[in-house]
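Pasted the sequence and its predicted model underneath.
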Amino acid sequence: MSGHATPEPMTARRSGPLKGRAEVPGDKSISHRALIFGAMAVGETKITGLLEGQDVLDTAKAMRAFGAEVTQHGPGSWTVHGVGVGGFSEPADVIDCGNSGTGVRLIMGTMATTPITATFTGDASLRKRPMGRVTDPLSLFGARAYGRQGGRLPMTIVGAADPVPVRYALPVASAQVKSAVLLAGLNAPGETVVIEKEPTRDHSERMLLGFGAKLSVEKTAEGHVITLTGRPELKPQTVAVPRDPSSAAFPVCAALIVEGSDILVPGVSQNLTRNGLYLTLVEMGADIEFQNPREEGGEPVADLRVRASNLKGVEVPPERAPSMIDEYPILSVVAAFAEGRTVMRGVKELRVKESDRIDAMARGLEACGVRIEEDEDTLIVHGLGAGGVPGGAVAKTHLDHRIAMSFLVCGMASKSAVGVDDASPILTSFPIFEGLMKDLGADLSRG
Ligand code: S3P
């Protein structure tokens, strides 16, 4: 579970130039999937570079509860003895996914076409988030869901005894929903088809192919048509988890706005379904060199050399949102240090993340002296230029790791200190954030 019983306030003060090398942990999306696909394979999957954040640890625990053998051998080094597609056994207790929407939604999909019953819950943030987007398509396979009003957790899923394959056009651009449907489709006979209008992160598709599933992706006028053949025997794999571009965003953005900074962030994914922030930063005038492009763990990566930059506001194209959906909070901080307005439209999905991220960023930035405009689907930040943000506020993090890290980065470049009321959620995705940022020279302190 994330979010300690007692909140852990943290404060960031205007910092000297950030210097050095920032090795960020493994990718959260790929880490969840490595454990889940490993549990669906027959035999032993070996994982290196697994993110040991609380979200992923909760998924590891859940995989054990469904019968897989999950073992840690050393830092980031894990094995999963899978039970095979359709081999999940019924868990003896409630599955607690902590803070993780990805964990709960992907696991619901995985068990929904097996004749077992499981009850899911999570922390106060996860219990507010909508699950109907996943249980709607799962019901088409024959699964039943009984949750709280508005499709909220705790929720019990009764898996389909006799699942049928499904053809489903995603009503929201969501890799979690896409992946839940594909995972359910694994144990349905015949072909399950998912159609996505806008491409979202494609780790499930890449990894399913890696584990030996039969899957094809066709680009049509309707969008991407993903076809999965059910009931494959998944073969155990060796998965080297690449570093997380969403975590890399924090040191990268901090270096851009803290005067005199010059850092290297190695192995940042250039996967086109994840790199929207980096395209946007370059358009804003960021001094980022993409060095040594190569493949790591099946993903295109590069080493990023980042120097402090004078930035200008931009309009972020709405169709870019899925490729940077987790990066809008930190982009809105960078935007506050740019000259002119940064306009982010088509971002209403931010309202159903770990917190309402439009509201959390708007209120916190306003408290730091930044002018904001917002509506249901839009966030506009009026930049104050390099070094121009007054700061001097304590932001509420609402059990949201990315809000906490964004405001701490804000404090590193603001005139006065910026605090967060609770930094403990950072442990869900970036457990080494505090040490890594301090090693670069950030002035962070507890309290
Ligand atoms: C994720 C998908 C995204 C993202 C989340 C991770 C995934 O969520 O925000 O952090 O691993 O599939 P949505 O599917 O809700 O867009």
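Thanks, I have it. Note that the coordinates shown come from a computational prediction; the quantities given were computed from them, not determined experimentally.

what about stretch 140-150, start to end distance?
The first and final residues of stretch 140-150 sit 19 Å from each other (CA to CA, to the nearest Å).

I'd like the average pLDDT over that stretch.
The predicted model gives stretch 140-150 an average pLDDT of 98.

So which bits of it are buried?
For stretch 140-150, burial by neighbour count (16 or more other CB atoms under 10 Å) applies to Leu140, Phe141, Gly142, Ala143, Ala145, Gly147. For glycine as for every other residue, the C-beta is placed from the backbone atoms N, C-alpha and C.

Repeat that for stretch 291-304.
Glu296, Gly297, Gly298, Glu299, Val301, Ala302, Asp303, Leu304.

Take the residues you listed and write them to JSON lines, including pLDDT.
Formatted as JSON lines, these follow (pLDDT from 0 to 100):
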{"residue": "Glu296", "pLDDT": "87"}
{"residue": "Gly297", "pLDDT": "81"}
{"residue": "Gly298", "pLDDT": "82"}
{"residue": "Glu299", "pLDDT": "87"}
{"residue": "Val301", "pLDDT": "94"}
{"residue": "Ala302", "pLDDT": "97"}
{"residue": "Asp303", "pLDDT": "98"}
{"residue": "Leu304", "pLDDT": "98"}
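
which residues does Phe430 contact?
By CB atoms under 8 Å, 6 or more residues apart in numbering, Phe430 lies in contact with Val24, Pro25, Gly53, Asp244, Ser247, Phe250, His401, Met405.

If I look at it, what pLDDT would I see?
Taking Phe430 on its own, its pLDDT is 98.

Ok, the one 4 residues further on next?
Per-residue confidence (pLDDT) for Glu434: 98.

for it, what are its contacts?
Contacts of Glu434 by CB under 8 Å, 6+ apart are Met10, Ala423, Ile426, Leu444.

Kindly recompute the last result at 7 Å.
Residues near Glu434 by CB atoms under 7 Å, 6 or more residues apart in numbering: Leu444.

And the one 10 residues further on, by the same measure?
Shown in contact with Leu444 (CB under 7 Å, 6+ apart): Met10, Ala12, Leu408, Glu434, Met437, Lys438.

so the residue lying farthest from the centre of the chain, which of the three states?
No residue in the chain sits farther from the centre than Asp162, which is 32.5 Å out by CA atoms, centre = their mean. Classification of Asp162 by DSSP: H, G, I helix; E, B strand; the rest coil places it in coil.

Check whether it really touches Pro115, as I assumed.
No - under the criterion of CB atoms under 7 Å, Asp162 is not in contact with Pro115, lying 8.3 Å apart.

rewinding a little: from the contacts of Leu444, which ones fall inside strands?
Judged by DSSP state E, these include Met10, Ala12 as members of strands.

Distance to the ligand added to the contacts of Leu444, as JSON lines?
Below are these laid out as JSON lines (distance: CB to the nearest ligand atom, whole Å):
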{"residue": "Met10", "distance to the ligand": "22"}
{"residue": "Ala12", "distance to the ligand": "23"}
{"residue": "Leu408", "distance to the ligand": "19"}
{"residue": "Glu434", "distance to the ligand": "21"}
{"residue": "Met437", "distance to the ligand": "21"}
{"residue": "Lys438", "distance to the ligand": "25"}
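
Find the nearest non-adjacent residue to the residue farthest from the centre of the chain, please.
Gly142 (6.3 Å; CB to CB, 6 or more residues apart in numbering).

how close does the one you found sit to Ala160?
Counting by CB to CB, to the nearest Å, the separation of Gly142 from Ala160 is 3 Å.

list the buried ones in stretch 429-437?
In stretch 429-437, counting by 16+ other CB under 10 Å, buried: Ser429, Phe430, Pro431, Ile432, Phe433, Glu434, Leu436, Met437.

could those go into CSV alongside distance to Lys128?
Shown next, in CSV, are those (distance: CB to CB, whole Å):
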residue, distance to Lys128
Ser429, 18
Phe430, 22
Pro431, 24
Ile432, 28
Phe433, 24
Glu434, 27
Leu436, 30
Met437, 29
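
What is the nearest of the residues you listed to the ligand?
Ser429 (8.3 Å; CB to the nearest ligand atom).

Could you list which residues are in contact with Tyr146?
With contacts defined as CB under 7 Å, 6+ apart, Tyr146 is in contact with Met155, Thr156.

Need the residues that contact stretch 101-108.
Here stretch 101-108 makes contact (CB under 7 Å, 6+ apart) with 29, 32, 36, 55, 58-59, 62, 95, 97, 120, 122, 126, 129, 134, 138, 157, 176-177, 179-180, 183.
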